[in-house]
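Visitor: Predicted model follows, preceded by the sequence.
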Amino acid sequence: MAPKVANFMWRALSNALPSLWSLFRRKIVKTPIYAICGDQPETIEHCLLHCPWTLAVWCSVVMKNGSPNPSLFTGNIKRGLLNWEEARVSVLQSSQLISRAPTLWTPPPVDVVKINFDGAWKESNLNSGVGVIIRSHMGLSIAGASLFRSHNSTVEAEAEALLYGFRMAVVLKLEKIIIEGDCQEVIKALSDSSFSPSRRISPILKKVAHLVPFFRSIHWNWVPREANRLANAAAKLAIQSLCSQEWANRPPNSLISVLRNDGLPAPP
C-alpha cells in the first residue's frame, strides 16, 4: 500500500479529514451540505460510502455491480489497517532483535569443530577470494585457507569456499562439525531439501553433498557478516595479495588482529 493511500485511509477512519460537516461544526463554513449530491451533509462516511455518486463508483468498479454494504466495507478497512499496523510493529521488533543479536564469533561445543567460510569477488576483473577458517571450542586455529580464484559471481566463490572447507575437514578427519557462513543461499541449499539453488552453484554443492557421509554430525548455521569476520578477511586477503596460502595453528599476521577483535585468543 502506498504511504499516501495509507495516510488518507488512516485520517478518514480517524475523522481527521476537513469535511464540510467538520468545518460547519467549527463555524468555518455556512452550510455542511455536500455540493456533489446536494442532499446530505458532507461527512467523511457520506463522501466515501453513502453518496449516490460514490455508490455508483463502488458498484461499477470495485464491487462488480454487487450490492455495497458500507458498514461491512468500513469494518474491513479498519481490520486491514489494524493488521497492517500489527505487521509493521512486528517487523520493527524483529529488526531490533536482530540488531541486538551477538555479532562476534561464538565457539562450538567442546567436542565439535566450527568451520567458517566466505567468498569475496570483484566484478571488474572476476578475481575472487576463498576464505576458510577451522577453529576449536577454545577459539584456537586448527587450519585455514586464503585462496585466490576466479569466478563469475560472489555466490560461486561462497560455494567453493564451503567445498574447500569440507575437503580440509575430511583430510583432518574431523567428525562433528558446524558449518557457518553469511551466504544464505548456500546455507539454505544444503540445510533445506525443499530449496532449489541457482544453477551456477549446483555442481559445486553436489560435490559438497558427496562429502557429507564422512562426518558423524553436521550443523548448518547462517550468521551475519559481523560474526564471520575472519573468513571474510581471509577471502579478501587472497584478492589483495593475488596469491593463495594455507596454515595450521597460526593464521597470517594480517588476520591475527581479526581474531583479537572477535575476543578470542590469538597466537603471540
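Guide: Alright, I've got the coordinates. Numbers count the residues shown, from 1 in each chain.
Visitor: End to end on stretch 134-150, go ahead and measure it.
Guide: End-to-end distance for stretch 134-150: 23 Å, by C-alpha to C-alpha, to the nearest Å.
Visitor: what about the residue of the chain positioned farthest from its centre, which helix or strand?
Guide: What lies farthest from the middle of the chain is Lys30; by C-alpha atoms, centre = their mean that is 55.5 Å. Here Lys30 sits in a region with no helix or strand, counting by DSSP states H and E.
Visitor: which residue sits closest to it in space, ignoring its chain neighbours?
Guide: Phe24 (7.7 Å; C-beta to C-beta, 6 or more residues apart in numbering). Quick note: C-beta positions are derived from backbone N, CA and C, even for glycine.
Visitor: Just the residues contacting the strand or helix carrying that neighbour, thanks.
Guide: According to DSSP H and E, Phe24 maps onto helix 20-25. Contact with helix 20-25 is made by Asn15, Val29, Lys30, Thr31, Pro32, Ile33, Tyr34, Ala35, Pro41, Glu42, Thr43, as judged by C-beta atoms under 8 Å, 6 or more residues apart in numbering.
Visitor: ok, the residue nearest to Lys30 to Arg11 distance?
Guide: Going from Phe24 to Arg11 by C-beta to C-beta, to the nearest Å gives 18 Å.
Visitor: same thing with Val29?
Guide: Counting by C-beta to C-beta, the gap from Val29 to Arg11 is 19 Å.
Visitor: Next: Cys47.
Guide: Relative to Arg11, and taking C-beta to C-beta, Cys47 is found at 13 Å.
Visitor: out of those two, which sits in the more crowded spot?
Guide: A direct count of neighbours by other C-beta atoms under 10 Å for Cys47 and Arg11 places Cys47 higher, at 21 against 13.
Visitor: what's the neighbour count on Lys207?
Guide: 14.
Visitor: And the nearest residue to it once chain neighbours are set aside, its phi and psi?
Guide: Computed as C-beta to C-beta, 6+ apart, the closest residue to Lys207 that is not its neighbour in sequence is Leu163, at 5.6 Å. Main-chain torsions, Leu163, degrees, to the nearest 10: phi -60, psi -40.
Visitor: How about the contacts made by Leu163?
Guide: Per C-beta under 8 Å, 6+ apart, neighbours of Leu163: Ile204, Lys207, Val208, Leu211.
Visitor: Give me the buried subset of these.
Guide: When those are checked for burial by 16 or more other C-beta atoms under 10 Å, the buried set is Ile204, Val208.
Visitor: In strands, which of the contacts of Leu163 appear?
Guide: The strands, defined by DSSP state E, take in nothing from those.
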